[in-house]
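Asker: Fold the following.
(one chain, ligands or ions: 4)
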Amino acid sequence: QSLAAGRNVFRFFDPAMQALASQRSALEVELRSAVAQRQFVVHYQPQVTFEGDVVGAEALVRWQHPVKGMVSPALFIPVAEELGLMEEIGHQVLEAICRDLEEWQRGGLGSELVVAVNVSAQEFKVDHFVARFHETIRQHRISSKAVKVELTESMMIDRIDEVIEKMNELKSHDVAISLDDFGTGYSSLSYLGRFPIDQLKIDQSFVRRMQDDAATASIIRSIIMLGQSLGLSIIAEGVETMEQRDLLHAQGCTLYQGYWYGRPMSGEQFTALLEGRQRVA
Ligand code: C2E
Ligand code: MG
Ligand code: MG
Ligand code: MG
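Answerer: Ligands and ions are numbered 1, 2, ... in the order given. Now for the predicted structure:
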């Protein structure tokens, strides 16, 4: 085996490689049928003010696999992107969100509630992305203000003018834009002011290291100051402890999302959470 490993022609018959390759093609087949059979479900993770008011949620997709159960987006989104399936999956996700928002608004729960939806680079670069997005919201008679889009810095590296134009198109429909995983990408600070964004989302990797590492704490402080000076709202993701929340609050962060407040939960669970809040209020 070790001798053969140097020769590409033998590598093909490496049993481990072959097992991987066939697992991968099984996944591809299953993913295509998951799209056809609409096996995706949307979970919601609360977004909360310092005072504890739930102002919204991030929608996070899961694949409800008939045998394997819930499959994480980290496992299937990269494959879905390669297969060109993300546009359709994203559309199904938005439809599910709109149905839930309709229900919450009908039930008098959170008329001010904003649901953040992740949009991947592949979805965003489709020509008719904004038109289709807006049409879906319109069909469900949801206010565009109830939906926010999360984009990542990686989308802002090339074709900047096209990206800005598309963002403006979204904004003209009253859809706000949040910059997800902020600080982990490579976008140039000098360009940041050109993008019509509304919110910076501090990546959870910074929040995780903030207490053990002075440099990370400084980075967080800088991100918050930068956001404030650009007039943006700031939300931190991955807030797991009260100490993290308090430190972020002391630096000027105003919105929080993370296990401390709640794990991503089903639509029914999120409805119950909203109902509970209504009673308390
Ligand atoms: P993201 O947008 O940065 O989402 C945050 C991830 O962090 C979620 O993982 C969430 O469950 C997790 N998380 C939240 N709070 C905490 C915490 O306190 N501690 C820790 N350790 N983790 C926390 P998830 O749900 O597995 O999603 C992973 C990624 O998949 C997302 O990262 C997003 O990039 C992508 N994704 C999820 N749903 C969608 C979708 O509908 N469309 C697209 N295009 N991408 C999606
Ligand atoms: Mg996100
Ligand atoms: Mg994020
Ligand atoms: Mg992240």
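Asker: what ranges do the strands span in the stretch 51-200 of the chain?
Answerer: Using DSSP state E, counting those that start in this stretch, the strands of the stretch 51-200 of the chain run over residues 54-65, 69-71, 114-118, 147-152, 176-182, 199-202.
Asker: got a list of what the residue lying closest to Val54 once chain neighbours are set aside touches?
Answerer: Leaving aside its chain neighbours, Val54 sits nearest to Pro46 (4.9 Å; criterion: CB to CB, 6 or more residues apart in numbering). Every residue, glycine included, has its C-beta placed from N, CA and C. Pro46 sits next to Val54, Gly56, Ala57, Gln257, Tyr261, Gly262, Phe270, Leu273 when contact means CB atoms under 8 Å, 6 or more residues apart in numbering.
Asker: what's the answer for Lys125, then?
Answerer: So Lys125 contacts Met155 (CB under 8 Å, 6+ apart).
Asker: And it, how close does it get to Leu151?
Answerer: Distance, Lys125 to Leu151, by CB to CB, to the nearest Å: 11 Å.
Asker: Repeat that for Lys171.
Answerer: Relative to Leu151, and taking CB to CB, Lys171 is found at 12 Å.
Asker: Ranking helices and strands of the protein by mean pLDDT, which lands last?
Answerer: Within the chain, no helix or strand scores below helix 8-11, which has a mean of 53 by mean pLDDT, DSSP states H and E.
Asker: Spatially, what comes nearest to the most centrally placed residue in the chain if we skip its sequence neighbours?
Answerer: Geometric centre of the chain, nearest residue: Asn118, 3.4 Å, by CA atoms, centre = their mean. In space, and not counting its chain neighbours, Asn118 is closest to Glu150: 4.8 Å by CB to CB, 6+ apart.
Asker: Same question for Thr136.
Answerer: Counting by CB to CB, 6+ apart, Thr136 lies nearest to Leu94, which is 5.1 Å off, once chain neighbours are set aside.
Asker: Isn't the one you found up against Val117?
Answerer: Yes - between Leu94 and Val117 there is a contact under CB atoms under 8 Å: 6.1 Å.
Asker: joint contacts of those two?
Answerer: Val147.
Asker: just to revisit the earlier point, what's the pLDDT at the residue nearest to the centre of the chain?
Answerer: Note on Asn118: pLDDT of 98.
Asker: And the one 3 residues further on, by the same measure?
Answerer: Note on Ala121: pLDDT of 89.
Asker: repeat for the one 3 residues further on
Answerer: With respect to pLDDT, Phe124 scores 94.
Asker: Could you do Arg38 as well?
Answerer: Here, the pLDDT recorded for Arg38 equals 98.
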